[in-house]
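[1] Fold the following.
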Amino acid sequence: MWRNLRIFVLLLVLLFVALETYFDRVYSTDWDAPLRVAVYPLNGDGSARTEGFIRQLAAGDLDPLEGFFEQEAGHHGLAMQRPIRFTLAPQLRTLPPALAPDSGRPGVMLWSLRARYWAWRQPVPAGPAPDVKLFVLHHDPAYARSLPHSVGLRKGLFGIVHVFADRRMMGSNDTVMAHELLHTLGATDKYDPMTNQPLYPHGYAEPRREPRHPQHLAELMGGRIARSEAESVIPESLHQVLIGEQTAHEIGWRRQ
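    Residues are numbered from 1 along each chain as shown. Below is the predicted model:
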């Protein structure tokens with residue numbers, strides 16, 4: 001009897017989680033109202049310089065992201081003013097769980113559960129509850145030549161994003177944040193993970209361009225501007241980025 005009861009309770013929990021995940025997916029991309037995104041800054045390396053950078057962040061620093069998504073949504077026929085609204089949340093002091101580089105599939109699954117629980121526990125900023133949470137870990141470029149891999153998870157609707165604590169790199173930071181945000185909405189990567197080269201055609205901003213190379217813009221989920229079949233560069237700001245048709249379809253901006 002008790003065994004059957006435990007199984008019944010477990011099935012109810014699994015059903016609740018499945019329903020919550022389903023409704024999160026539906027409501028985050030129905031675009032009946034603006035999507036609310038909370039951006040939580042964190043000191044990723046514990047340095048004083050990074051701490052000072054975070055203290056200077058202001059809500060206006062998120063305006064380029066809002067403007068970019070409004071412009072791109074309009075290009076794909078979504079007539080909504082500011083379809084994605086960003087809020088700068090208070091700085092967090094507890095870092096998210098780290099994923100070991102050599103984690104196998106079971107390790108990744110365990111990390112995902114821990115990360116979802118950690119994200120769920122974080123405080124919600126004042127005002128309407130956010131639909132998506134972006135936890136942005138800042139790193140001093142004097143100590144970090146490269147950054148850990150950023151992730152955006154649709155299950156739980158949150159992202160863990162690594163950026164540089166440098167005003168000169170705010171444009172490229174915005175690109176990384178936008179990329180991971182769209183992962184939480186169902187957009188897929190459109191680049192080769194072995195070479196980081198954008199994949200033709202959906203990873204190209206201008207797939208119909210003749211000649212094909214060099215491209216002058218990056219597709220957001222392609223990640224880079226393809227200069228040739230073997231060479232690409234990272235965009236310096238969202239002014240060099242657009243959202244392609246396939247990505248727009250994946251996040252619900254295009255229905256066909």
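
[2] Can you say which helix or strand has residue 109 in it?
    Assigned by DSSP states H and E, residue 109 belongs to helix 105-121.

[3] chain center to the helix or strand just after that helix: distance?
    Counting by DSSP H and E, the next helix or strand C-terminal to helix 105-121 is strand 132-139. Put simply, strand 132-139 sits 9 Å off its chain's centre (C-alpha atoms, centre = their mean, to the nearest Å).

[4] Quick one: mean pLDDT over strand 132-139.
    Averaging pLDDT along strand 132-139 yields 98.

[5] That one pairs with which strands, and in what direction?
    strand 35-43 (parallel), strand 158-164 (parallel) (DSSP bridges).

[6] Which neighbouring elements make contact with the helix holding residue 109?
    Helices and strands touching helix 105-121, by 3 or more C-beta pairs under 8 Å, 6 or more residues apart in numbering; DSSP states H and E, are strand 151-153, strand 158-164. All C-beta spots, glycine's among them, are computed from the backbone N, C-alpha and C.

[7] can you rerun that using 10 Å?
    Judged by 3 or more C-beta pairs under 10 Å, 6 or more residues apart in numbering; DSSP states H and E, helix 105-121 is in contact with strand 132-139, strand 151-153, strand 158-164.

[8] Contacts for that helix, please.
    For helix 105-121, contacts defined as C-beta atoms under 10 Å, 6 or more residues apart in numbering pick out 17, 40, 94-100, 103, 133, 135, 151, 153, 155-160.

[9] ok, now how distant is the residue nearest in space to the middle of the chain from residue 223?
    In the chain, the C-alpha nearest the mean C-alpha coordinate belongs to residue 180, at 1.7 Å (C-alpha atoms, centre = their mean). Residue 180 is 11 Å from residue 223, where distance means C-beta to C-beta, to the nearest Å.

[10] doesn't residue 214 make contact with residue 204?
    No - Residue 204 is beyond contact range of residue 214, at 11.0 Å (criterion: C-beta atoms under 10 Å).

[11] Mutual contacts of those two, please.
    What both residue 204 and residue 214 touch, as defined by C-beta under 10 Å, 6+ apart, is the set 225, 226.

[12] who has more neighbours, the two?
    residue 204 (22 against 13; other C-beta atoms under 10 Å).

[13] Please name the residues that touch that one.
    Applying C-beta under 10 Å, 6+ apart, the residues near residue 204 are 190, 198, 212, 213, 215, 217, 218, 219, 222, 225, 226, 244.

[14] where does this structure have low pLDDT?
    Residue ranges of the chain with pLDDT under 70: 1-28, 256.

[15] All the helices of it, residue numbers only.
    Secondary structure of the chain by DSSP state H: the helices cover 2-28, 48-55, 63-75, 105-121, 170-184, 245-250.

[16] Identify the residues contacting the second one?
    Spelled out, it's helix 48-55. Contacts to helix 48-55, defined as C-beta under 10 Å, 6+ apart, come from residues 41-45, 47, 91, 136-144, 164-167.

[17] Identify each buried residue in it, please.
    Of all the residues in helix 48-55, those buried under the rule 16 or more other C-beta atoms under 10 Å are 49, 50, 53, 54.
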